[in-house]
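Asks: Sharing a model prediction with you, sequence too.
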There are 2 protein chains.
Amino acid sequence: MNEKLTELRDLLGEVDDISKAASILSWDQQAYMPPGGAPARASQLGTLSRLAHEKFTDERMGRLLYELSKETRDLPYDDDTASLIRVTKRDYEKAVRLPSTFVAELAEASGLGTTAWAQARAENQWDGFSDHLKKMIELKQREADYLGYHEKMYDALLDSYEPDMKTREVAEMFDAVRRELVPLVRAIASNADRVDDAALHRAYDPAKQWELAHEALRTIGYDFQRGRMDKVPHPFCTTFSNHDVRVTNRVLPDFFNSAFFGALHEGGHALYELGSPDRFERTTLAGGTSLSVHESQSRMWENLVGRSRAFWQFFFPKFKKTFRKNAADMDAEKMYRAVSKVQPSYIRVEADEVTYSLHVMLRFEAENMLVENKLKVSELPAWWDEAMSSYLGVTPPDVAHGVLQDVHWSLGYYGYFPTYSLGTFFSAQLFDKAREQLGDLDEQFARGEFAPLREWLTENIYQHGRKYTLTELATRITGEPLQTRSYIAYLKKKYSEIYDL
Amino acid sequence: MNEKLTELRDLLGEVDDISKAASILSWDQQAYMPPGGAPARASQLGTLSRLAHEKFTDERMGRLLYELSKETRDLPYDDDTASLIRVTKRDYEKAVRLPSTFVAELAEASGLGTTAWAQARAENQWDGFSDHLKKMIELKQREADYLGYHEKMYDALLDSYEPDMKTREVAEMFDAVRRELVPLVRAIASNADRVDDAALHRAYDPAKQWELAHEALRTIGYDFQRGRMDKVPHPFCTTFSNHDVRVTNRVLPDFFNSAFFGALHEGGHALYELGSPDRFERTTLAGGTSLSVHESQSRMWENLVGRSRAFWQFFFPKFKKTFRKNAADMDAEKMYRAVSKVQPSYIRVEADEVTYSLHVMLRFEAENMLVENKLKVSELPAWWDEAMSSYLGVTPPDVAHGVLQDVHWSLGYYGYFPTYSLGTFFSAQLFDKAREQLGDLDEQFARGEFAPLREWLTENIYQHGRKYTLTELATRITGEPLQTRSYIAYLKKKYSEIYDL
């Protein structure tokens, strides 16, 4: 067995090296690449993706996994080796269902689609993108057929981002949350004047914002010896090893939140990846287990920590020192309220904590209808505007700020959006448990102590890498699967107080 | 034949994609990677190098080359296809001599060695690096054995950077140049007071230096749509495609030359790579043909252009505008003389035009002794200081400014240093020809016209990519192989005038 295991680890290590190289190329493409570099970069990324897929789906891999899973069937579920085989097998069985030609076709459509999307958005024109979207939906329908599903075609797509999660489960959770959110948003709207965030919409020196975003990352314990932050148009976090996890961010010169909460959000993703143990490196067990669990970390640090009263009790003096003029009419309490302002808007990435999930639900609905051919691409813009108005009471001024705002569909990311909300629900569920076990988190935050929470997350989540699914993790930590109760309670408590409800 | 040619091109394209990906990883490693990233990066680079090597040395490649070279034997030597097969065959025959495992071992040692070197240099400690150097020399000795050689072990290493060049030829040229340089340096030393460069050794605002280095690059025609400049400890130029060629550079806060001439030097390399034709992309014909020819370009723009009187007649006003205070007691003529100051020193990259080759000769000597076990790694620092004193009459204050100053040996670049001087010789040989064919270059430079020279170089060198060797190029352009006559004449003429000899 040991020899086979060594061979498996060697193969996985090679695949991981190639995949990580592709990540470095993508990071550079978004952070530093000059415009002329695009065509060659597409070809380089295509070759690396194809190679990684070819090597991972090699027959030898299949045989090794088959033999090793027989030989390790008596090992406990939690055992590292048993988990390595189990998780690799799950990834492998999914990967071999997609023919390499299809993977290449998808990659090409994604490249062309993204370019078309960027142009369409810049020109505020739906037409240039709609054919690409049609093509992409056809491809994703084919992908779902390759991958297979029982109930809903969408299950197959969702499973790529959140293993074992079903469309039906998501719909049920979304329904439960929506029932509570809609009246909450309405109640807040009638007390809108309780919170004033005008101070956040002032001129904030970009260089100072950048420095304060670094300070925010240092505050939550992000290690700059094992990472860095660079400027990009659309922030993300990327992993080159568990000792090189980078965040990216952007700065808006006249809006404080973007860079600051962007840093906390991506920093939350980064802490998770940095906490993945050394012994899992270069295997399928390294890194975060699913998009929802990942998002539970980013949104926890962004919102449950970064938008808490206690955080600003600690951080306001730093804010004030950096932005003396802007902070003159503010204090910690006003800052806490300002960054928590609820304001229905048409841009998801700028949405507040309360309305955020409504954006996600709308996309979930659209994706389901599109892949099931219940909504035509030509009908999408009109449907979007109507849905926006019914979900959020706002109507986008144009397609650029409406249906074209997000890059995901052009890239072929269908089934991805729901994980933003599932992760948000999970963050609240985890936070309740952390509070129960760590004592008064607020007191700790107010003193600038974020290590206890980070260590709790390391112990309960980070150290397991990809060993457990979302449901397994949730059950191990909180005694039950993902639930929406904690999230709803959190929102109601926080926002009833802020908005005098 | 066409089918086989297409297959060959596909294989070469794949190899090129992987190699370029490795270059991107190296660039990041030196420009942006956080310290923690080093071990994983070494492994990623090792895997990519091994893969590129495996794919390039695949049996199928050998068969294709064998068959295609038979089928194309009637094509003219200059023909693109004939050249593609010829050059690929030469590369292939060299590559198949190195086992893939050895290539990966080398890449990994290089990654670890570079990190160790950077740390050793920063800490001014020889010990942390000496074991890496020992290991690397053993690897290079093995490499030479794999590659094979007739006269000298060093021939095998030299050939990787300058195909067909022999140690004996280099030694002969170096002897010829040394005979002329030593009395010239001595004569200059006794008239040292003729040139005052104190103005260059003042505080120069780093941000402004960075901006002026960009201006220098724009001046010689470097296209920032197809490149960029980033900060690194040790400047280099790197190619990700002929539409993404990046320079790197460093800034010394109290010495003007470093960033400015660094930009011109790396810019010269970049112009060559950017001038490689599209039709050669993703094949072995793309890019510069050899290190010496490359260095002829960097040193031409750095010295024959950038340290010319005419250049400063044009550029001095820009310098003055940026550094008004420092320029107050300067003019174009004083600037020309100051940047041409001859001053034996211990740092190669900051060496003047006259003493530069003495640095290279010292390293050539050390490398030969090291690979032939005539000098032990433990003896190297002491040998270095003594050689410095005998070649240049200076003694480095410490190892960081002595034997540890250059990154090359940590990367496994043995046989590389001589090309710096060979290229310098070639730059003068080419420049004589350019003057003959382009009319008064000085008048053009003084007017800020650098396009004629750039176009001449494109026509005579850049457009051929790797089609011709140094000797072939030299003969095509100047009617004779590489010679040192032009270089010696250039130095004597310029410096006799400046130093009243």
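Replies: Now that the structure is in, tell me what you want to look at.
Asks: Show me where the stretch 51-200 of chain A has its strands.
Replies: Counting by DSSP state E, counting those that start in this stretch, the stretch 51-200 of chain A has no strands at all.
Asks: Where does pLDDT dip in it?
Replies: Applying pLDDT under 70 to the stretch 51-200 of chain A flags no residue at all.
Asks: Could I get the phi/psi values of the residue minimising distance to the centre of chain A?
Replies: With distances taken as CA atoms, centre = their mean, the residue of chain A nearest its centroid is residue A:295 (4.4 Å). Main-chain torsions, residue A:295, degrees, to the nearest 10: phi -70, psi -30.
Asks: mind listing what the spatially closest residue to it that is not a sequence neighbour touches?
Replies: Spatially, and ignoring its direct neighbours in sequence, residue A:295 is nearest to residue A:423 (2.5 Å; CB to CB, 6 or more residues apart in numbering or on different chains). No exception for glycine: its C-beta is placed from N, CA and C like everyone else's. Neighbouring residues of residue A:423 by CB atoms under 8 Å, 6 or more residues apart in numbering or on different chains: A:291-299.
Asks: right, and the helix or strand after the helix or strand containing residue A:423?
Replies: Element membership for residue A:423 (DSSP states H and E) is helix A:417-438. From helix A:417-438 onward toward the C-terminus, using DSSP H and E, the following helix or strand is helix A:441-446.
Asks: Can you name the residues of the stretch 251-400 of chain A sitting close to chain B?
Replies: Contact residues (CB under 8 Å from any CB of the partner chain) of the stretch 251-400 of chain A with chain B: A:281-282.
Asks: Below-threshold pLDDT in the stretch 251-400 of chain A: ranges please.
Replies: For the stretch 251-400 of chain A (pLDDT under 70), the answer is none.
Asks: the helices in it, which residues?
Replies: Along the stretch 251-400 of chain A, counting by DSSP state H, counting those that start in this stretch, helices occupy A:257-274, A:291-299, A:309-322, A:324-327, A:332-339, A:356-371, A:380-392.
Asks: so which of those gets nearest residue B:80?
Replies: Checking the helices of the stretch 251-400 of chain A against residue B:80 by CB to CB gives helix A:257-274 as the closest, at 46.7 Å.
Asks: helices and strands around the closest one, which ones?
Replies: Counting contacts by 3 or more CB pairs under 8 Å, 6 or more residues apart in numbering or on different chains; DSSP states H and E, helix A:257-274 packs against helix A:206-220, strand A:237-241, strand A:244-249, helix A:291-299, helix A:451-460.
Asks: Next, the angle from that helix to strand A:237-241.
Replies: Computed by axes from the mean of the first three to the mean of the last three CA atoms, to 10 degrees, the angle separating helix A:257-274 from strand A:237-241 equals 30 degrees.
Asks: Pull out the buried positions in helix A:257-274.
Replies: Neighbour-count burial for helix A:257-274 flags A:257-274 (criterion: 16 or more other CB atoms under 10 Å in any protein chain shown).
Asks: Please verify my assumption that the residue nearest to the centre of chain A contacts residue A:424.
Replies: Yes - using CB atoms under 8 Å, residue A:295 is in contact with residue A:424, at 6.7 Å.
Asks: follow-up on the earlier one: top of the contacts of residue A:423 by number of neighbours, please.
Replies: With neighbours taken as other CB atoms under 10 Å in any protein chain shown, the top of the contacts of residue A:423 is residue A:296, carrying 31 neighbours.
Asks: Does that one touch residue A:427 like I think?
Replies: Yes - Residue A:296 is within contact range of residue A:427, at 4.2 Å (criterion: CB under 8 Å).
Asks: Relative to chain B, how far out is the nearest residue to residue A:391 once chain neighbours are set aside?
Replies: Distances taken as CB to CB, 6+ apart place residue A:358 nearest to residue A:391, at 4.6 Å, with adjacent residues excluded. According to CB to the nearest CB, to the nearest Å, residue A:358 stands 38 Å off from chain B.
Asks: And for residue A:168?
Replies: Counting by CB to the nearest CB, the gap from residue A:168 to chain B is 40 Å.
Asks: How about residue A:481?
Replies: For residue A:481, the distance to chain B - CB to the nearest CB - is 34 Å.
Asks: ok, that residue touching residue A:473?
Replies: No - between residue A:481 and residue A:473 there is no contact under CB under 8 Å: 9.7 Å.
Asks: Looking at those two, which is more packed in?
Replies: Using other CB under 10 Å as the criterion, residue A:481 and residue A:473 rank with residue A:473 on top: 23 against 15.
Asks: Where does the more buried one sit, in terms of helix or strand?
Replies: Assigned by DSSP H and E, residue A:473 falls in helix A:470-478.
Asks: Dump the C-alpha coordinates for that helix into PDB.
Replies: C-alpha atoms of helix A:470-478 as PDB (Å, rounded to 0.1, in the frame of the first residue of the first chain):
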ATOM      1  CA  LEU A 470     -20.000  21.400   4.500                       C
ATOM      2  CA  THR A 471     -22.700  19.100   6.100                       C
ATOM      3  CA  GLU A 472     -20.000  17.000   7.800                       C
ATOM      4  CA  LEU A 473     -18.300  20.100   9.200                       C
ATOM      5  CA  ALA A 474     -21.500  21.800  10.300                       C
ATOM      6  CA  THR A 475     -22.600  18.600  12.100                       C
ATOM      7  CA  ARG A 476     -19.200  18.000  13.800                       C
ATOM      8  CA  ILE A 477     -19.000  21.600  15.000                       C
ATOM      9  CA  THR A 478     -22.600  22.600  15.800                       C
END
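Asks: Need the residues that contact that helix.
Replies: With contacts defined as CB under 8 Å, 6+ apart, helix A:470-478 is touched by A:162-165, A:289-290, A:292-293, A:422, A:426, A:429-430, A:432-433, A:460-461, A:464, A:468, A:480-483.
Asks: What residue spans form the domains of chain A?
Replies: Domain assignment for chain A, taken from automatic domain parsing, gives A:2-150, A:167-498.
Asks: Buried residues in the helix holding residue A:473, which are they?
Replies: Within helix A:470-478, the residues that count as buried by 16+ other CB under 10 Å are A:470-474, A:477-478.
Asks: coming back round to it: pLDDT averaged over the helix holding residue A:423 - what is it?
Replies: On average, the pLDDT along helix A:417-438 is 98.
Asks: tell me which residues in that helix are buried?
Replies: In helix A:417-438, counting by 16+ other CB under 10 Å, buried: A:417-434.
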